[in-house]
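A.B. asks: Below are the sequence and a predicted model for it; my questions follow.
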Amino acid sequence: MKLDLSVLTSNTGAILGGFAITLETWIAGVAIGILAGLAIALLQRRGVSPINRLLRLYIEVVRGTPFLVQLFFLYYGGPSIGLQLEAVTAGILGLGIYGSAYFAEVFRAGFNAIPKGQMEAATCLGLSRWQTVRRVMLPQMLVIIVPSLSNTIIVLSKETAVLSVITVPELTGVLTGIGSASYAFTEVLVTLCFGYLLLVEMTAWFGRWAEAKVGRYMLR
Amino acid sequence: MTTPEEQPLDARPPSAAVRARPVMVRLRGVVKRFGANAVLKGMDLDIHKSEVVCIIGPSGSGKSTMLRCMAFLEAYDGGEVFVEDRLLGYSTGRDGQRVRAGDAEINQVRRNIGMVFQQFNLWPHMTALGNVTEAPRRVRGMPRAQANELGMRMLEKVGMAPRAHAYPAQLSGGEQQRAAIARALAMEPHIMLFDEPTSSLDPELVGEVLQVMKQLARDGMTMVVVSHEMGFAAHVADTVVFIDQGLIVAQGPPQEIFQGEQHPRLQQFLQNYLERNAFWTR
Amino acid sequence: MDSLHSMMQTLPLLLHAAVATLLISVVSLCFAFLIGVAVCAMGFARSRLLRGLATAHVHFFRGVPLLVQLLMLYYLLPGAGINLSSLTAALIAVSFCSSAYMAEILRGGFLGIARGQVEAARMLGLGGLQTLVRIELPQALRLTLPALVSEVILVIKASSLVSVVGVAELTRTAQNVAASNYRPLETYFLAGAVYFALNSVLARLGHLGERRMARAHQS
């Protein structure tokens, strides 16, 4: 099986462009997911029941339905309610929503793992709610949740491939396009494998580094 | 320490007679290292048929390691272990070098050894009877009815028949250990190894297990027991072996070891033991 | 009310397709489990080659997106002369992908079993396979049941990707329906609802199973 790299070398621009879109949608999606997830987890802690139930439902629905169907709903169904999204935007939004449900659970587990006494002490000392969260809870939570955060971020990086189905020109989309045009499927798919393995392994490595770094300053 | 109903110096044959019997397990210069640390520094020991050998010594001396090497649960690094005249764990490779034997061969050589562990190691998802019948059924291909009958007989032997259908989680420590002994006996071993069989038990439960072991000894089982139960060593063993820092320091019949002239380290060990246990003399 | 009417018409079609989704998922999960157990056992082997293969398997099938694995199977094999139906390609891809996750889940379960149990089995003469199947697996399953239930749900969701190679399961059917009735919002909403219902039932069954197992082994 001979690998004809010319297919790849003659399309480097497009391939790199695709990779850039993968990174763009991934990072944006993760950012939205983390912010939204944190917001959801914080809201849930306030304990107001009807909002809580709604948020719970949101999390269960987003985690209980396939990402692809959510994307179709947003991208193809959106126009019916006046939401005309570009493919990339829909992709980022979809990733953000999908990620927010998982990140919310990660943060929830993190919050639950901190002894209640910590918050009580902070309140007694006069810290405001937000200060308590930012200065007391989040730093401690970090050690516990870094592995789960890293895992979810990796999952989202792989889900960017699904974006190709709604015509987002990310790595998979671009390369399969090249493959179809030139019938050089082997080269294309091998490159795809390498690309994602690289991305995933690097993120995993970074996650382990972060775990070690954060863990150093914390009492177990 | 000693139970009321046992007579001092149970009738054991004289040690010369014991030593004349065939050798079941032979250790020659056995060395075991964990990293740079040599836990066993060259052990020589013969275990004869129907002999009861008690291995005593301070913790960290290598007693358990030696027992586990006899069963090849730890791969020893130097020397040889022979089980019924067959080399255990290693064979000669193509170029004359010693290579680790395959799993099948290891299992073959040690199939006549039964082992009782400090943590019992009963399988929690099976009843006591299930535990006892598992090996006869899976390894010997015994049909279920026959295996159950064998299992009940073994459990009766150790006094566990009424609890045959209980799960390990429902049994006391003593009951679990007795069931574990029955499990080992069901495979009709020629040699039984006991790795601190009563060390994990509450004091009140130790007696029932020692009773079972005493009966086994009376029935002529070849036994190697690592234990802190000096009463058992004094009254049931044919040979007591004192190990310290990876070497056999003293070895002989209980009378010699406990009452004869003693190696200084043995003296120190027994002194420590007495101070901790014979509290009424103070 | 037009929406409602169209949804009521679509539902039977989607439910019918949901059966296909379930079948694909169940078959893939069975194979994934078998492969996963094998890979997991390899991960504990003495041979460094076997351990390396196990690690490579897990890294590859967890590192490459399922979609890419699916496309590989569907587009590459014809070049090598093997022509698979889209369904077969889908089953193989999902099985292998899930097997990597199964292997990792089971690895955690096996690590939770006291080593002494295996030593006892060895001393009683049980061989490697017997010990694995009779002693280790039952306990590993009990320890990892929640994670396994999660994996079942993940596979059902992942099965939606096989629509890309044309397999007529729930998502593909929804796409076809949406293309013909021009109501993508309602159709995909309904499809999502069917998946959600399916997964909720499975999650509930999983919890019941966990509780029953916990009770059965209590003293």
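C.D. replies: Done, it's in.

A.B. asks: in which helix or strand would I find C:Tyr188?
C.D. replies: helix C:184-216 (DSSP states H and E).

A.B. asks: What residues of that helix count as buried?
C.D. replies: Of all the residues in helix C:184-216, those buried under the rule 16 or more other Cβ atoms under 10 Å in any protein chain shown are C:184-196, C:198-199, C:202-203, C:206. C-beta here means a position set from N, CA and C on the backbone, and glycine is covered the same way.

A.B. asks: residue ranges for the helices of chain A, please.
C.D. replies: For chain A, the helices defined by DSSP state H occupy A:6-9, A:12-45, A:49-64, A:67-75, A:87-112, A:116-124, A:129-131, A:138-159, A:171-182, A:185-215.

A.B. asks: Determine how far the shortest one lies from the middle of the whole chain.
C.D. replies: On the basis of Cα atoms, centre = their mean, to the nearest Å, helix A:129-131 sits 26 Å off its chain's mean C-alpha point.

A.B. asks: what's that helix packed up against?
C.D. replies: Contact analysis of helix A:129-131 by 3 or more Cβ pairs under 8 Å, 6 or more residues apart in numbering or on different chains; DSSP states H and E lists no helix or strand as a packing neighbour.

A.B. asks: ok, back up a step: now do the helix holding C:Tyr188: which elements does it pack against?
C.D. replies: Secondary-structure packing of helix C:184-216 (3+ Cβ pairs under 8 Å, 6+ apart): helix A:49-64, helix A:67-75, helix C:2-43, helix C:137-158, helix C:170-181.

A.B. asks: Which one of these lies nearest to chain B?
C.D. replies: Chain B lies closest, by Cβ to the nearest Cβ, to one member of the helices and strands packed on helix C:184-216: helix C:137-158, at 4.9 Å.

A.B. asks: Any part of the closest one near chain B?
C.D. replies: Yes - Helix C:137-158 is in contact with chain B by Cβ under 8 Å from any Cβ of the partner chain, via C:138-139, C:142.

A.B. asks: show me where the stretch 51-200 of chain B has strands.
C.D. replies: Shown for the stretch 51-200 of chain B, the strands assigned by DSSP state E, counting those that start in this stretch span residues B:52-56, B:78-83, B:86-87, B:90-92, B:98-100, B:113-116, B:191-195.

A.B. asks: what pLDDT does whatever residue of chain A ends up closest to chain B get?
C.D. replies: Of all residues in chain A, A:Ala212 sits closest to chain B, at 24.7 Å by Cβ to the nearest Cβ. Confidence per residue is given as pLDDT, and for A:Ala212 that number is 84.

A.B. asks: now the helices and strands packed on helix C:184-216 in a markdown table, with mean neighbour count and distance to A:Glu120?
C.D. replies: Supplementary listing: the helices and strands packed on helix C:184-216 in a markdown table, determined by neighbours: other Cβ atoms under 10 Å in any protein chain shown; distance: least, Cβ to Cβ, whole Å:
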| stretch | mean neighbour count | distance to A:Glu120 |
| --- | --- | --- |
| helix A:49-64 | 14 | 22 |
| helix A:67-75 | 25 | 40 |
| helix C:2-43 | 17 | 44 |
| helix C:137-158 | 19 | 31 |
| helix C:170-181 | 20 | 49 |
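
A.B. asks: and the ones you listed as JSON lines, adding distance to A:Asn112?
C.D. replies: As requested, those are arranged in JSON lines below (distance: least, Cβ to Cβ, whole Å):
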{"stretch": "helix A:49-64", "distance to A:Asn112": "14"}
{"stretch": "helix A:67-75", "distance to A:Asn112": "26"}
{"stretch": "helix C:2-43", "distance to A:Asn112": "30"}
{"stretch": "helix C:137-158", "distance to A:Asn112": "17"}
{"stretch": "helix C:170-181", "distance to A:Asn112": "35"}
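
A.B. asks: can you tell me which of those comes nearest to A:Ala122?
C.D. replies: The minimum distance between A:Ala122 and the helices and strands packed on helix C:184-216 falls on helix A:49-64, with 22.8 Å, by Cβ to Cβ.
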